[in-house]
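>>> Coordinates for the following, if possible.
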Amino acid sequence: LRHLPRQGMDRLVLALLLGYCLFSVSSAASKKPNFLILFADDMGYGDMSCVGHPTIKTPNLDKLAAEGLRFTQWYSAFSVCSPSRAAMLTGRIPIRSGCTGKGWLGGVFRNDAIGGLPTNETTFAQLLRKDGYSTVAIGKWHLGQRLEYLPTNRGFDEYYGIPFSDDMGSSAWKRDGGVFGTDTPLPLLHNTTIVEQPVNLDTLSERYVNYAIDFMARSVKAGKPFVNYLAWNHVHTPDFANKKFCNTTRRGRYGDAMSSMDTAIGKVMKSLETLGVADNTLTFFTSDNGPWLIRRLAGGSAGLLFEGKTTTWEGGVREPGIAHWPGKIKPGGLTEEVVATYDIFTTVLTLAGVPVPSDRIIDGKDMSDILFNGGKSKHECLFIYKGTPEGPEKPGLWAIRCGKYKLHFFTNTHLKVRPIKHDPPLIYQIEYDPSEKYPLDSSTAEYKEQHKIILAARAEHEKNLHHVPNQMAKGSSKDYALCCDPHSKKKYPTYPNCTCNPENWDAFVCRPVGPRFLGDDKDPQAYLYPYPHDEM
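The predicted structure is shown next:
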């Protein structure tokens, strides 16, 4: 080196520094954490064996909790599917995106919906993909089935799944058609293409697992960090279970479906170890909303919490929650801090070093301090909507939790869907009384103080609300129903239109199907729907 001229020395040093900088950038990029989000459908707070369910066995979820951090106060953004998922992806409570239902009783997107998650909303997948992440959505989407609303146009490189609930189309497991919208066979999409209709539900979870593992392997091989949003169709009715799981649990068909999902989760988690990325992957597990109690034994259990799906009681919005990251999150942890599903948005962006959007209100909080340091919740209040406001007497905001107290302006139950107005509002000390059995006496100083605090929080919250188009009020149209072949009757005259896989009508169906069916052998899955679908 000493024989080099000064100019040559300068060039060499510059080259070495440049190489070091490039190496540092490359190393930093390779060390960005991966994110795996495991999202159950309609699973109750009490449905895991690690929380005490006596006849449901979930060894893989129990292992995930034992090796990570389990949350006792994890809240969904909403008590039904679409709004909850919109919030998780955007970090914003669903009233801000127009996804809280066409009216004050709430709702979800139909299988032929005109609207969807608005394209001016930003998902964490969009932001992470810009930062070099590979992104995939697998499973249930339920944020619009039209092209512009599908995952591949919302930040995900790939999509493989059913774009709405598994009861929103006919299949071997549910021959009486979809719950909502146009009666078409249940489709399976790869990116934007229908690859199977009706889908064979018996092999679906296994295919989800295989796709997830293949995606992660390809990402690792390419040297790219990944986001894997794996939204199971389990354990939504019709509680499908293949031959391996059929009649294998003491909890009946729901237990069989839980066992199927738990086994699938175990395979995905094992693959992280095989791929050598377990120590660099943050995994979240939770559910979109509480158990669908109107389905009786075909639905799950909220444990000690009151009520379930479609309500703003704790059983409708408090969910199981687990975070797992070997070497980062201490194993065997249990936290009582209040978090929400939409905190996932802010947390993954922060950990990836991606700026959280500053051009809009983000409701999600960074959970890092809770995950790694046993820190405190950053939430002062959670605003729990039932639907979209329709005037002063029909508000969308039904409940608010601030600190240890929760207030209800209106309530309903799965059997009594007509809203009950509470004047004065009900207030519970929710950490003393998670079952919401004993409201505070409205004449006490404690009640009056908390009432004042919570109403002030509501007033401040409402200052930051802005009118946005109501996506679900846009309605639906059979023109937007997904159909692999509108003229399939010519080819398969004995099967419903839009059939491209007639063999799947004869797929295995585990019998007996469940406790809520009309019950003849020709139509084993004709579920009863005893209340208006728009209120689900």
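
>>> how far does the longest strand seen in the chain sit from the chain's center?
What stands out as the longest strand in the chain, according to DSSP state E, is strand 420-429. Computed by Cα atoms, centre = their mean, to the nearest Å, the chain-centroid distance of strand 420-429 equals 29 Å.

>>> For it, which strands pair with it and how are they oriented?
Under the criterion DSSP bridges, strand 420-429 sits next to strand 405-411 (antiparallel) in its sheet.

>>> And the strands in the stretch 51-200 of the chain, which stretches?
69-75, 134-139, 158-161, 188-190, 193-196 (DSSP state E, counting those that start in this stretch).

>>> helices and strands around the last one, which ones?
Spelled out, that is strand 193-196. strand 188-190 (3 or more Cβ pairs under 8 Å, 6 or more residues apart in numbering; DSSP states H and E). Placement of C-beta: from N, CA and C, glycine included.

>>> hang on, L201 packs against A507?
Yes. Look at L201 against A507 with Cβ atoms under 8 Å: they come within range, at 7.0 Å.

>>> hey, what's in contact with both of these two?
S171, A172, W173 (Cβ atoms under 8 Å, 6 or more residues apart in numbering).

>>> In JSON lines: those, plus pLDDT and distance to G374.
Compiled in JSON lines, the shared contacts of L201 and A507 are given as follows (pLDDT from 0 to 100; distance: Cβ to Cβ, whole Å):
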{"residue": "S171", "pLDDT": "94", "distance to G374": "46"}
{"residue": "A172", "pLDDT": "93", "distance to G374": "48"}
{"residue": "W173", "pLDDT": "91", "distance to G374": "44"}
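
>>> a markdown table please, covering those residues and showing distance to A257 and neighbour count.
Below are those laid out as a markdown table (distance: Cβ to Cβ, whole Å; neighbours: other Cβ atoms under 10 Å):
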| residue | distance to A257 | neighbour count |
| --- | --- | --- |
| S171 | 15 | 28 |
| A172 | 15 | 23 |
| W173 | 11 | 25 |
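
>>> Which one's more surrounded, L201 and A507?
L201 (25 against 18; other Cβ atoms under 10 Å).

>>> For K386, see how far away that one is.
31 Å (Cβ to Cβ, to the nearest Å).

>>> Of the strands of the stretch 51-200 of the chain, which stretch is the most buried?
strand 134-139 (a mean of 26; mean count of other Cβ atoms under 10 Å).

>>> how about low-confidence regions in the protein?
The chain contains residues with pLDDT under 70 at 1-30, 177-182, 513-536.

>>> what's the spatially most central residue of it sitting at in phi/psi?
In the chain, the centroid-proximal residue (Cα atoms, centre = their mean) is D288; its distance is 4.0 Å. Per-residue torsions, D288: phi -70, psi -30 (degrees, to the nearest 10).

>>> Check the contact between it and D42; I expect there is one.
Yes. Counting by Cβ under 8 Å, D288 does reach D42; the two are 7.1 Å apart.

>>> what residues do the two have in common as contacts?
Shared contacts of D288 and D42, defined by Cβ under 8 Å, 6+ apart, are found at C81.

>>> quick one: secondary structure of A473?
helix (DSSP: H, G, I helix; E, B strand; the rest coil).

>>> what's the distance between the residue lying closest to M88 once chain neighbours are set aside and C498?
In space, and not counting its chain neighbours, M88 is closest to T341: 4.7 Å by Cβ to Cβ, 6 or more residues apart in numbering. Separation of T341 from C498 (Cβ to Cβ): 33 Å.

>>> got a list of what M88 touches?
Counting by Cβ under 8 Å, 6+ apart, M88 makes contact with I37, F39, A77, T341, Y342, I344, F345.

>>> neighbours of the third one, just the number please.
This points to A77. 31.

>>> surely it meets G91?
No. With contact defined as Cβ under 8 Å, A77 does not count as touching G91 (9.8 Å).

>>> Now do the shared contacts for those two.
Common neighbours of A77 and G91 (Cβ under 8 Å, 6+ apart) are Y342.

>>> quick one, helices of the stretch 51-200 of the chain?
Ranges of helices within the stretch 51-200 of the chain are 59-67, 81-90, 124-130, based on DSSP state H, counting those that start in this stretch.

>>> Phi and psi next, for the residue nearest to L275 when sequence neighbours are not counted.
Residue nearest to L275 in three dimensions, not counting chain neighbours: V220, with 5.1 Å by Cβ to Cβ, 6+ apart. Backbone geometry at V220, expressed as degrees, to the nearest 10, gives phi -60, psi -40.

>>> and V220, what does it touch?
V220 touches F226, L275, G276, V277, counting by Cβ under 8 Å, 6+ apart.

>>> Ok, T184 next?
Contacts of T184 by Cβ under 8 Å, 6+ apart are N111, G169, S170, G178, Q197, A481, L482, C483, P496, N497, C498.

>>> among these, which ones are buried?
N111, G169, S170, G178, Q197, A481, L482, C483, P496, C498 (16 or more other Cβ atoms under 10 Å).

>>> which residues does the third one bridge with?
Beta-bridge pairing of S170 under DSSP bridges involves P185.

>>> count of neighbours near the nearest residue to H236 once chain neighbours are set aside?
Closest residue to H236 apart from its sequence neighbours, by Cβ to Cβ, 6+ apart: D41 at 4.2 Å. Neighbour count of D41, defined by other Cβ under 10 Å: 25.

>>> quick one: contacts for D41?
Contacts of D41 (Cβ under 8 Å, 6+ apart): C81, K140, S165, A231, W232, N233, H234, V235, H236, S287, D288.

>>> Settle this for me: the first one is touching W292, isn't it.
Read that as C81. No. The pair C81 / W292 is not scored as a contact, 10.2 Å apart, by Cβ under 8 Å.

>>> Overlap in contacts, those two.
With Cβ under 8 Å, 6+ apart as the test, C81 and W292 both reach D42.

>>> in the stretch 201-350 of the chain, which spans are helices?
Going by DSSP H, counting those that start in this stretch, the stretch 201-350 of the chain shows helices at 204-221, 252-274, 314-317, 343-352.

>>> what about stretch 227-246, distance to the chain center?
With Cα atoms, centre = their mean, you get 13 Å for stretch 227-246.

>>> For that stretch, which residues meet the burial criterion?
Buried, per 16+ other Cβ under 10 Å, within stretch 227-246: 227-242, 245-246.

>>> Which members of these occur in strands, if any?
If you go by DSSP E, the buried residues of stretch 227-246 have V227, N228, Y229, L230, A231 in strands.

>>> Would you mind measuring from the third one to N280?
Note on Y229: its distance to N280, by Cβ to Cβ, is 18 Å.

>>> How about H467?
43 Å.

>>> Which one's more surrounded, these two?
N280 (18 against 6).

>>> any idea how far S488 is from E503?
According to Cβ to Cβ, E503 stands 14 Å off from S488.

>>> Counting neighbours, go ahead and name the busier of those two.
Set E503 next to S488 and count neighbours by other Cβ under 10 Å: S488 wins out with 19 against 10.

>>> need the contact list for that one.
S488 touches Y495, N497, C498, T499, C500, counting by Cβ under 8 Å, 6+ apart.

>>> Kindly indicate which of those lies nearest V417.
Taking Cβ to Cβ as the measure, V417 lies nearest C498 of the contacts of S488, at 31.9 Å.
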